[in-house]
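Participant: can you look at this prediction? I've put the sequence above it.
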2 protein chains.
Amino acid sequence: MDIDAILKRIDDHLDESVARLFALLKIPSISTDPAYDEACRNAAHWLREDLAALGFLAEVRDTEGKPMVLGFPNEVAANDKPHVLFYGHYDVQPVDPLDLWDADPFEPRLVSREDGSQMIVARGACDDKGQLMTFIEAMRAILAVEGRLPVPVTVLIEGEEESGSPSLPGFLAKSASEIRADAALVCDTSMWDAKTPAIALSLRGLVGDEIFIRAADRDLHSGVFGGAARNPNHVLAKILADLHDDTGKVMIPGFYDGVGEPAPATLANWDGLGMSPERFLSPIGLSQPAGEEGRTVLEMVWSRPTCEVNGMIGGYTGRGFKTVIPGEASAKISFRLVGDQDPDKLRKNFREFVKARVPADCSVTFKAHGNGPALRVDEEWPMLKKGAAALAAEWGTETAMVGMGGSIPIVHDFKHKLGMDTLMIGFALEDDNVHSPNEKFDLKCFHKGIRSWARVLAAL
Amino acid sequence: MDIDAILKRIDDHLDESVARLFALLKIPSISTDPAYDEACRNAAHWLREDLAALGFLAEVRDTEGKPMVLGFPNEVAANDKPHVLFYGHYDVQPVDPLDLWDADPFEPRLVSREDGSQMIVARGACDDKGQLMTFIEAMRAILAVEGRLPVPVTVLIEGEEESGSPSLPGFLAKSASEIRADAALVCDTSMWDAKTPAIALSLRGLVGDEIFIRAADRDLHSGVFGGAARNPNHVLAKILADLHDDTGKVMIPGFYDGVGEPAPATLANWDGLGMSPERFLSPIGLSQPAGEEGRTVLEMVWSRPTCEVNGMIGGYTGRGFKTVIPGEASAKISFRLVGDQDPDKLRKNFREFVKARVPADCSVTFKAHGNGPALRVDEEWPMLKKGAAALAAEWGTETAMVGMGGSIPIVHDFKHKLGMDTLMIGFALEDDNVHSPNEKFDLKCFHKGIRSWARVLAAL
């Protein structure tokens, strides 16, 4: 492998790589809203064609939900080389609130900053289209220079990650033998900071649940009924307020079962990373950590479980005022899991907690979203060490071995259903506005991300 | 006064009265939303023309907000007869949620029920257009038969009652000498039940406030930041949950100052009305009174103050799921006042209560809506007794002397700024869906309401 020629190829053709990413970014592949079903399918087909152009046996395979994109190696795998499965997702988050975007979220732009650096701005620029294209463009450059990849690669790109991947379990069960490899590669995580690459050793799990509190059978005039009729806003507020005590502890019975603690060596490693509440929170305009008393900020986001109200609504919320007692109030809540917390038990305990707080003449219904436990990677894994070395060579600094606050349920499925560990390497930055308006991906991260994957593949 | 001829006239011309009401109902005079400013002006002009047709010196008078409609008597008042001021409002509530209406809220319809009775369905059918037209149509019939009204009448119809009447105090201060009369008449209240008329002896006051909790300076990814970053949904839920204890008591310091208790005779009168929690709540699908422990349902809605969350919103509330920690959460809250509770002190205490519960790195802003204290009418007032007798003659049963759960701040202004007591007579029913979708006004209430006012005017 002529790594220098490959890297030069990447540098020389960066504009074309960006153009290909832009074409994918233009497609509004929002998976949480059926109005964008066709766009999701278009994104899947775009990727299939790109993989086919690289020589993969590529197909769009339907599921009960959004289709999967599959790319199989066009040759028999040599037995002495590890066969890897690359995973990404072509679906993106919704864009709400649209009025906070500086421009159309699906018109990707290259924006220059004062220091001359550039960033790609669009929904999905980072999560996950920019990131997955770093891997695809790395393969493209290797194929252009060497004619073949250093190891057999299977590609799997799904379309429901932002919606909790409902079709994935069924797909994996059905297609395990086709996609099983020796290890998985995922590019959906972050740098430690703009200069320091990272490999993730752990991911938090995710459980989402929606609750609907119904009181009266209609909206009521608050003069006529106020004081006697139950207000579901009050019922819901009390439920949500009861979820945490004043020390930040989650009050759902059994919530902390299976949580565990990181190894002392890991905690020491994290303490050495120089994070503080100020450093973490001041970029977003806060200063007081909201997590459990006595925990460091990194524990709060990497090794402690959470319960967050993502959305709540009840009654009149439009312009002006309306003295109404609504008939219904609702909230969307998600939990980040760690250690061995059991997602099904957690959801069950949460629902019992809610039901116990609903008055006898009111009713509550639930709607489940997403369900995946936490995950850990063994620090002695050889592929981990090779990946860390390759990243260090590209970025000129030791690779940080971090926990991730977010969840990638597929990585857990890879481990427990297909027996594969996952190398989680990613180039996102803290200020990328992932899941927010004006999402961006630094051009430097895209460029050096492609170079990083080329080095990693060469090292395997 | 030939009351029988007047009543016959009303009966014979009911269809035309309904047609005139329909014409007024078609105008979407929503005062809380500036998008309907022109419609409000159109409604004002419609009423001016109708009053002019009845022989009033009628005008539309601009204010800083929505215009007032004024109708002055076209002759010098005779000194021995009481001069009355009739008040109503031409503005109506918003129609949200529109998808729950069976038809266009501003296309009034006559809907027949199984028992053959009919109801008028439209926004404003009851509150307040249907009600105010009962008085105007009564005057019309009297004028048609007698050629003159039995007492001098001034008419004042405002356009902001549903928005807290912001222009009214200034207007009253400026125009007091023009509109002051011996007593006021207001038709914006309810029957005791479908067979029993009522006169209101008390109204609850109203204070509205909106709170905005700001945490991070943007929406956040709940994986990356969850557990460390403050979630304003949680902050807001705790504030709202703290407003009441488990016995239904409002926990704002000083809230119950000035509340007082009704006279034992009044409480006995209420007990005799045969109300129960089941009777009050089962029509709206509830069974458990939500007010203060130990209070009857009528106390809860007539003589106890309330704190209600009319609307709350924070984070992602659209379709599907979004694992976000929002930057902001907000709520609209209103208070019903009784006795001598001071609206300004109440608002101040509420805001202190909120501020004390906002973390140091978050901020809260407020927006005031509406501000009016409670009111009582003297049970010995002669006009009250005449009105009660006139109603009893029309409906064939003793008039109930009730408290009202809702607020009509103008009635308080009439008392304290213009020295006038108000006769509050109305024909609304509990199931009229006031402030809700599919608002209606029974045709029988409209018809007998017109007849009732004719009798009342004749009795004065």
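Facilitator: Happy to help now that I have it. All of these numbers come straight from a predicted model, not from anything done at the bench. Numbering: from 1, shown residues only, chains lettered A, B, ... in the order given.
Participant: okay, now the residue of the stretch 1-150 of chain A found nearest chain B: neighbour count?
Facilitator: Closest to chain B within the stretch 1-150 of chain A is A:Thr32: 3.0 Å, counting by Cβ to the nearest Cβ. Bear in mind the C-beta positions are built from the backbone N, C-alpha and C, glycine included. A:Thr32 has 21 neighbouring residues, counting by other Cβ atoms under 10 Å in any protein chain shown.
Participant: same question, A:Gly116
Facilitator: 6.
Participant: per-residue pLDDT, it?
Facilitator: A:Gly116 carries a pLDDT value of 94.
Participant: and A:Gly387, what does it touch?
Facilitator: A:Ile199, A:Thr399, A:Leu423, A:Ile425, A:Val456, A:Ala459 (Cβ atoms under 8 Å, 6 or more residues apart in numbering or on different chains).
Participant: against B:Gly248, how distant is the second one?
Facilitator: This points to A:Thr399. To B:Gly248, A:Thr399 is 58 Å away according to Cβ to Cβ, to the nearest Å.
Participant: can you tell if stretch A:352-368 touches chain B?
Facilitator: Yes. Judged by Cβ under 8 Å from any Cβ of the partner chain, stretch A:352-368 comes into contact with chain B at A:Pro359, A:Ala360, A:Asp361, A:Cys362.
Participant: on that earlier part again, more crowded one of A:Thr399 and B:Gly248?
Facilitator: A:Thr399 (23 against 19).
Participant: does the more buried one touch A:Leu384 like I think?
Facilitator: No. The criterion here is Cβ atoms under 8 Å, and A:Thr399 misses it with A:Leu384 at 9.5 Å.
Participant: mind checking how far A:Arg351 is from A:Ile333?
Facilitator: 11 Å.
Participant: have a look at those two and say which one is more surrounded.
Facilitator: A:Ile333 (23 against 16).
Participant: the more buried one in helix, strand or coil?
Facilitator: strand (DSSP: H, G, I helix; E, B strand; the rest coil).
Participant: give me phi/psi at the residue of the stretch 201-350 of chain A found nearest chain B?
Facilitator: Residue of the stretch 201-350 of chain A nearest chain B, by Cβ to the nearest Cβ: A:Gly223 (2.4 Å). Here is the backbone geometry of A:Gly223 (degrees, to the nearest 10): phi -80, psi -50.
Participant: state the number of residues packed around it.
Facilitator: The burial count for A:Gly223: 24, using other Cβ under 10 Å.
Participant: next one: phi and psi at the residue of the stretch 351-460 of chain A found nearest chain B?
Facilitator: As assessed by Cβ to the nearest Cβ, chain B sits closest to A:Gly406 within the stretch 351-460 of chain A, at 2.4 Å. Backbone geometry at A:Gly406, expressed as degrees, to the nearest 10, gives phi -90, psi -180.
Participant: skipping its backbone neighbours, what lies nearest it in space?
Facilitator: B:Gly223 (2.4 Å; Cβ to Cβ, 6 or more residues apart in numbering or on different chains).
Participant: cool, and A:Leu47?
Facilitator: A:Val69 (4.6 Å).
Participant: now do the contacts for that neighbour.
Facilitator: Applying Cβ under 8 Å, 6+ apart, the residues near A:Val69 are A:44, A:47-48, A:51, A:58-61, A:90, A:155-159.
Participant: quick one, which of those are buried?
Facilitator: Neighbour counting by 16 or more other Cβ atoms under 10 Å in any protein chain shown classes A:Ala44, A:Leu47, A:Arg48, A:Leu51, A:Ala58, A:Val60, A:Tyr90, A:Val155, A:Leu156, A:Ile157, A:Glu158, A:Gly159 among the contacts of A:Val69 as buried.
Participant: what does the lowest-mean-pLDDT helix or strand in chain A rub up against?
Facilitator: When each helix and strand of chain A is scored by mean pLDDT, DSSP states H and E, helix A:264-271 comes last, with a mean of 79. Residues from elsewhere that reach helix A:264-271 (Cβ under 8 Å, 6+ apart): A:Leu201, A:Pro262, A:Thr296, A:Leu298, A:Glu299, A:Trp302, A:Met401, A:Val402, A:Gly403.
Participant: which residues in the stretch 201-350 of chain A form strands?
Facilitator: A:205-214, A:220-221, A:306-315, A:324-325, A:328-337 (DSSP state E, counting those that start in this stretch).
Participant: ranking those strands by burial, who's on top?
Facilitator: strand A:324-325 (a mean of 30; mean count of other Cβ atoms under 10 Å in any protein chain shown).
Participant: so for stretch A:240-256, what gets flagged as buried?
Facilitator: Neighbour count says stretch A:240-256 has A:Leu240, A:Ala241, A:Asp242, A:Leu243, A:His244, A:Gly248, A:Val250, A:Ile252, A:Phe255, A:Tyr256 buried, by 16+ other Cβ under 10 Å.
Participant: do stretch A:172-186 as well
Facilitator: Those would be A:Leu172, A:Ile179, A:Arg180, A:Ala181, A:Asp182, A:Ala183, A:Ala184, A:Leu185, A:Val186, for stretch A:172-186 by 16+ other Cβ under 10 Å.
Participant: and which of these is nearest to chain B?
Facilitator: When these are compared against chain B (criterion: Cβ to the nearest Cβ), the nearest one is A:Val186, at 14.2 Å.
Participant: read off the pLDDT value for that closest one.
Facilitator: 95.
Participant: can you check A:Ala77 too?
Facilitator: 59.
Participant: for A:Ala428, same thing?
Facilitator: Value for A:Ala428, per-residue pLDDT: 95.
Participant: in contact with the residue nearest to it when sequence neighbours are not counted, which residues?
Facilitator: Leaving aside its chain neighbours, A:Ala428 sits nearest to A:Ser190 (4.2 Å; criterion: Cβ to Cβ, 6+ apart). Shown in contact with A:Ser190 (Cβ under 8 Å, 6+ apart): A:Ala198, A:Met404, A:Gly426, A:Phe427, A:Ala428, A:Leu429, A:Glu430, B:Val224.
Participant: now swap in A:Asp50 and tell me
Facilitator: A:Arg20, A:Ile136.
Participant: where does it fall, phi/psi-wise?
Facilitator: phi -70, psi -40.
Participant: A:Tyr316 and B:Gln93, how far apart?
Facilitator: 10 Å.
Participant: list residues touching both of those two?
Facilitator: In contact with both A:Tyr316 and B:Gln93: A:Lys322, using Cβ under 8 Å, 6+ apart.
Participant: element containing A:Trp453, please.
Facilitator: Using DSSP states H and E, A:Trp453 falls within helix A:443-459.
Participant: thanks a lot, catch you later.
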